[in-house]
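Q: Sequence first, then the predicted structure:
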Amino acid sequence: MIILKATELFYGTGIDTARFGEDDISFVSSDSEKVSPGSVFVCIRGTKVDGHTFISDAIRKGARLIITENGCEFQNRSEISGVPVICTADTRSTLSHLWNNFCGRPSDKLKIFAVTGTNGKTTVTNMLSSIYTLRGDKTETIGTLTGKLTTPDPSELYPMLRDAIAKGVTHIFMEASSHALALGKLDPLKPDYGIFTNLTPEHLDFHKTMKDYFNAKAKLFCMCRRGVINLDDSYANELIRSSSCDVITYSVNEHDSDFHALGVRLLGANGIMYNMRTADRIMKIRSSVPGGFTVYNTLAAASCAYSDGVHPDIIRDALSTFRGVKGRLERVPLHHNEYSVYIDFAHTPDALDNILRTVRSFIPASSRLVVLFGCGGDRDKTKRPVMGKTASKLADYVIVTSDNSRTENPDEIIEQIMSGFDKTTPHIVIPDRREAIFYAVSNAKPGDCILLAGKGHEEYELNADGYHPFSEKELVIAASAKTMY
């Protein structure tokens, strides 16, 4: 059991601990249900629940200190029922600092690389991990593939960092989501490198405007020591101007970038290759992962690693042997070659456009490209008609279905998708995703390429009733076997 003096727990927060500095603290929680004797209870204003309403519950369970936020009714109270109250400007940020301190400030003992952007975060973090692992470093990745949240909440993130150190890990490669940055989850961190991939419309249900979305991403580059920025993105120059860190840039189009891709060749199903120009050499980069986005992902990872002093041969070898990420243009193994099925996480208009163009580039001209997709519920509604338009423009046949409808009505989500759909494109609407997958496989024609977009690595479906086990790979294999025999 961890016991800290309050002075240790509040280190670096700027909070005056004169009244309670020698108190023993045994836990930190923003959930009153998890409060135990000796805990600090941090009141978080959520979108649906305000933690300030649970102060009395936390005190009953033995809370030793209460952290409130400016503007609450307890702002001018020094104590409640004999329990000290501390009022802060941002309890979310305070919560992150407390968890970092409670776990022994692991962020100070690790080399941290944080990747942010609308698309490419998972692949770039895993590419970087492959590079440094090949060099002999002990690495760990944190992101979409390691939990339900792209960036874990403080109560999970900082214990993960503490446990990583216990395992001998020296390098952390993590995805920094815009939500996590905006909500202060990463405030205690000073990443050695921040990497920016791109910015396209997404999460506007949360951020409301692209300006707010940009500002959340930009926050990382006022936290990290060095930024690695995609100069080809339309937000790059604004991001550079707003950054307070040292910046290096990478680009396919801009010759004055620090790292520049020359002679890019898209090799269809065989991947990509190009020469990366640095200030003092030209490096050959090759990847078996297909698609123009792979050029940018490899360029981001290579630029960062080279800037950090990794030998060019290690970068080259690691990227050439990198086989991709689970659920990112992942081919489903079938017992025949009559048609092919791929699974991808593409769930934004830009990602869907990219993946459809990529698949089109490596399938025979005679093959039919079939895409199955939906849009998530309780998420940005503006992208739904755009994705409908994209799918109907780039695929030969479209199956519109559900994708983690959460608390929304799946039929209403589909109706919004179809409002932008070109109905002259052959299509069918099947709200039940399981039925839709069986339909896609059962009606596959020889030579077809079927793309299941949106869920990627996810092994669940989330609707109003909660989480349900859902493996697209297993469904495809089962449907294929049933169709063939």
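A: That came through, no problem.
Q: the longest strand in the chain is where?
A: Ranked by residue count and defined by DSSP state E, the top strand of the chain is strand 259-266.
Q: Pull up the pairing partners for the next helix or strand after it, direction included.
A: Following strand 259-266 in sequence order, the next helix or strand is strand 272-277 (DSSP states H and E). Strand 272-277 has its sheet partners listed here by DSSP bridges as strand 259-266 (antiparallel), strand 282-287 (antiparallel).
Q: Would you mark the buried spots in strand 272-277?
A: By 16 or more other C-beta atoms under 10 Å, the buried positions in strand 272-277 come out as 272-274, 276-277. Placement of C-beta: from N, CA and C, glycine included.
Q: how about CSV for the strands paired with strand 272-277, with distance to residue 41 added?
A: Output for the strands paired with strand 272-277, formatted as CSV (distance: least, C-beta to C-beta, whole Å):
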stretch, distance to residue 41
strand 259-266, 48
strand 282-287, 49
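Q: do you know which of these lies nearest residue 357?
A: strand 259-266 (10.1 Å; C-beta to C-beta).
Q: Run the chain-centre distance for that closest one.
A: Counting by C-alpha atoms, centre = their mean, to the nearest Å, strand 259-266 is centred 26 Å from the centre of its parent chain.
Q: May I have that strand exported as PDB, CA atoms only?
A: What follows is strand 259-266, C-alpha atoms only, in PDB (Å, rounded to 0.1, in the frame of the first residue of the first chain):
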ATOM      1  CA  PHE A 259      13.400  15.700 -43.900                       C
ATOM      2  CA  HIS A 260      12.200  15.300 -47.400                       C
ATOM      3  CA  ALA A 261      10.900  12.200 -49.300                       C
ATOM      4  CA  LEU A 262      12.400  12.000 -52.800                       C
ATOM      5  CA  GLY A 263      11.300   9.700 -55.600                       C
ATOM      6  CA  VAL A 264       8.300   8.300 -53.900                       C
ATOM      7  CA  ARG A 265       7.100   5.000 -55.500                       C
ATOM      8  CA  LEU A 266       3.800   3.400 -54.600                       C
END
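Q: Now it: buried residues?
A: By neighbour count with 16+ other C-beta under 10 Å, strand 259-266 contains the buried residues 259-261, 266.
Q: you'd agree residue 280 is in a helix?
A: No: counting by DSSP: H, G, I helix; E, B strand; the rest coil, residue 280 falls outside a helix, being coil.
Q: Could you list every helix and strand that the helix or strand of the chain with the lowest mean pLDDT packs against?
A: For the chain, using mean pLDDT, DSSP states H and E, the weakest element among its helices and strands is helix 204-207, scoring a mean of 74. Counting contacts by 3 or more C-beta pairs under 8 Å, 6 or more residues apart in numbering; DSSP states H and E, helix 204-207 packs against helix 178-182, helix 210-218.
Q: so which of the ones you listed comes closest to residue 333?
A: Set against residue 333 and scored by C-beta to C-beta, those come closest in helix 178-182, at 34.4 Å.
Q: what's the spacing between that closest one and its chain's center?
A: 10 Å.
Q: So what touches it?
A: Residues from elsewhere that reach helix 178-182 (C-beta atoms under 8 Å, 6 or more residues apart in numbering): 116, 149-151, 186, 203, 206-207, 212-213, 215-217, 219-220.
Q: Among those, which one sits closest to residue 396?
A: Nearest to residue 396 among the contacts of helix 178-182: residue 203, at 30.4 Å, using C-beta to C-beta.
Q: burial count for that closest one?
A: By other C-beta atoms under 10 Å, the residues close to residue 203 number 19.
Q: correct me, but it touches residue 213?
A: Yes: counting by C-beta atoms under 8 Å, residue 203 touches residue 213, with 6.2 Å between them.
Q: got the strands paired with strand 272-277 as CSV, with mean pLDDT and distance to residue 4 columns?
A: Formatted as CSV, those follow (pLDDT from 0 to 100; distance: least, C-beta to C-beta, whole Å):
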stretch, mean pLDDT, distance to residue 4
strand 259-266, 97, 44
strand 282-287, 98, 46
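Q: Among these, which comes closest to residue 120?
A: Residue 120 lies closest to strand 282-287 among the strands paired with strand 272-277, at 13.2 Å (C-beta to C-beta).
Q: Relative to the whole chain's centre, how far out is the closest one?
A: Relative to the chain's own centre, strand 282-287 is displaced by 26 Å; criterion: C-alpha atoms, centre = their mean.
Q: for stretch 268-275, same thing?
A: Its chain's average C-alpha position is 25 Å from that of stretch 268-275, according to C-alpha atoms, centre = their mean.
Q: Nice, that's everything, thank you.
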